[in-house]
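> requesting a structural model of the entry that follows:
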Amino acid sequence: MNFRFMHGWLPGRRGWWLLVILVVVSIGLVVGSRWLPEAKQFAASTFGRWTGTRPAEETGHEGHDHAGEAPDAHASDGHADESVLPAAQTTDHKHEEAAAVKLSPTAQENVGLKLAKIERRAFERTITVPSMVVERPGRSAMQIAAPLTGVVTRIWPLQGETVTPGQPLFDLRLMHEEVVEAQSEFLRTAEELDVIKREVARLEEVAKGGAIAGKTLLERQYEQQKQEGVFRAQRQRLLLHGLSSAQVDEIAAKRTLLGELTVSVPDQFDDQGKADTADSTRLLQIEELTVTKGQYVKAGDPLCVLTDYAKLYIRGKAFEQDAAALEKAASSDWRLTAVVQSTGKERQMLSELPIVYLANKVDPESRAFQFYVELPNKLIRTEERPDGHRFSSWQFKPGQRIELLVPVERWTDRIVLPVEAIVQDGAESYVFEQNDGHFDRRAVRVEYRDQYSVVIADDGTLQPGKMVIVSGTYQVHLSMKNKAGGAPDPHAGHNH
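Numbering: from 1, shown residues only. Below you'll find the predicted structure:
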């Protein structure tokens, strides 16, 4: 065999290696779509074990690095904790946004955290009407007038002082000629009546022995009866002049003219004009003193104004179109709620307030429809000074601004919470439910919301009997967001 001839067409050693490489590359291009992905995954997995990282497919966020985010320590039960688990455990949990927060007692006090129990109850959809506290016309204010003409010699109370029925107010030195004459006639009649009574008594003793005729005794008795009638008429005249029964009796007993008159606080009367013995100790306030010491006053001149703050009215001013809603509430005997706003304190809600009456006209200028609601007042302070003067303070005062909630519709069996219990974050609404020392954030659906309350859909998200945060909710929400955002932004530097 001619080896030289074969050596001419067979490749050399380098030629053989080039031929093998070309064959392998050709085969790889043909079947590469089958084994190339598995090879890439195997390489990435092997590299992750060496460096402590995981491929994007295992994290569920392809193309992003979440190694710096805080792990969710309660992924199994839906609770989150502020503690950070070891790095060895973070690789076994699926990452999700924290849904709970745990606050220390100090943190709860700092945010003013308060809880309330979830309960189903009736809810009234209301409209808000601006209102004002006012006095009861013809009932709260009482003007004290001078009963007789005279000079003011003493003023007992101070302006703003608290007084009670029967307490002295003013001393007057009487100067009216008619009153002096009426007292003089009353005394003269009293003296004549005493003389006649003694004469009748003497004649009765004499008549027993038959010394005088019975006709003489009878004439004296008739005369006594006539004088007693005159005495009663003159007594009534003094009472009409403004003297009290005790003062008239004093004139008759002491046989002296009354030179001074003491004007006292009158007794309390109910709405029918009868003496109200149950409220005989009701406190009245000297709203205004209109006289000074030494001033000459005529009968009927005002001396002072007393005000009774125990009961007041709330005057509401509704829009003209709200008249129908108010008529419905009054006809259905629905009670109203008053909202009292105080600076630096929580608002106060006064419920079960009845409507007294609705106005029968609309104010032509403001187009306001007025109505009145009864407001019971509360005494909050009474202080007696060393000189005997007493001053009091009431919770509600005329001129105070108040909002009235007028019911227009009633719903039954609703989960109702204060509006402060809801946190609005974009399109989501959340409440925080207490659970084993944690506060779980629950996404809820709001059916209705007004200025003060919110109605939550009863879809099983919230269970009656559980406790939820009703004060400090927004601060707790911020704390949770800060906790979730403590790690660097995992999407920083990525384009989507």
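> break the protein into its domains for me.
Here the domain parsing of the chain from automatic domain parsing is 12-51, 68-118+422-488, 126-136+309-408, 143-304.
> any low-confidence regions in the stretch 251-400 of the chain?
Along the stretch 251-400 of the chain, the model assigns pLDDT under 70 to residues 268-280, 343-345.
> returning to what we had before: quick one: closest of the domains of the chain to I415.
domain 68-118+422-488 (4.3 Å; Cβ to Cβ). Every C-beta, even on glycine, is put in place using the N, C-alpha and C of the backbone.
> what's the burial count for E228?
For E228, the count of nearby residues is 14 (other Cβ atoms under 10 Å).
> how much space separates it from M175?
31 Å (Cβ to Cβ, to the nearest Å).
> wait, which of the domains of the chain is closest to R414?
domain 68-118+422-488 (5.1 Å).
> and that closest one, how far out from the chain middle?
29 Å (Cα atoms, centre = their mean, to the nearest Å).
> same check, this time on stretch 223-236
62 Å.
> return the list of strands paired to the strand ranked longest in the chain, each annotated with direction.
Ranked by residue count and defined by DSSP state E, the top strand of the chain is strand 401-418. Sheet pairing of strand 401-418 (DSSP bridges) gives strand 120-134 (antiparallel), strand 336-340 (antiparallel), strand 453-456 (antiparallel).
> and stretch 342-354, how far from the chain's centre?
Centroid separation between stretch 342-354 and its chain, computed with Cα atoms, centre = their mean, is 1 Å.
> out of the strands paired with strand 401-418, which one sits most buried?
strand 453-456 (a mean of 21; mean count of other Cβ atoms under 10 Å).
> can you report phi and psi for the residue minimising distance to the centre of the chain?
The residue lying closest to the centre of the chain (Cα atoms, centre = their mean) is Q348, at 1.6 Å. Here is the backbone geometry of Q348 (degrees, to the nearest 10): phi -110, psi 130.
> begin at 21 from now on, thanks
I'll keep to 21 as the first residue from here, and by that count the last item is Q368.
> could you pull up the contacting residues of it?
Shown in contact with Q368 (Cβ atoms under 8 Å, 6 or more residues apart in numbering): 359-360, 362.
> need the residues that contact stretch 268-286.
For stretch 268-286, the surrounding residues in contact (Cβ under 8 Å, 6+ apart) are 162, 164, 166-168, 170, 173, 183-194, 200, 203-204, 206-207, 210-211, 255, 258-259, 262-263, 267, 304, 323, 326.
> straight-line length of that stretch, end to end?
17 Å (Cα to Cα, to the nearest Å).
> ok now it, how far from the chain's centre?
Distance of stretch 268-286 from the chain centroid (Cα atoms, centre = their mean) equals 50 Å.
> same question for stretch 137-153.
Using Cα atoms, centre = their mean, the offset of stretch 137-153 from its chain centre is 11 Å.
> closest one of the contacts of Q368 to L237?
Looking at the contacts of Q368 and their distance to L237, the nearest is V360, at 77.3 Å (Cβ to Cβ).
> so what pairs up with that closest one in the strands?
Q368.
> wait, doesn't it sit right on R367?
Yes. Contact criterion Cβ atoms under 8 Å: V360 and R367 qualify, at 6.4 Å.
> what bits of the stretch 21-170 of the chain have low per-residue confidence?
In the stretch 21-170 of the chain, residues with pLDDT under 70: 21-37, 43-118.
> let's see that with 80 instead.
Counting by pLDDT under 80, the stretch 21-170 of the chain contains low-confidence ranges at 21-119.
> returning to what we had before: in TSV: the contacts of Q368, plus distance to L437.
Below are these laid out as TSV (distance: Cβ to Cβ, whole Å):
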residue	distance to L437
V359	17
V360	21
S362	22
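> closest to D479 among those residues?
V359 (29.7 Å).
> who's in contact with the closest one?
If you count contacts by Cβ under 8 Å, 6+ apart, then V359 has 367-370, 422-425, 472 around it.
> how close does it sit to L373?
11 Å.
> what's the overlap in contacts for these two?
L424.
> identify each buried residue in stretch 320-338, please.
323-326, 328-330, 332-338 (16 or more other Cβ atoms under 10 Å).
> closest one of those residues to G230?
L323 (62.8 Å).
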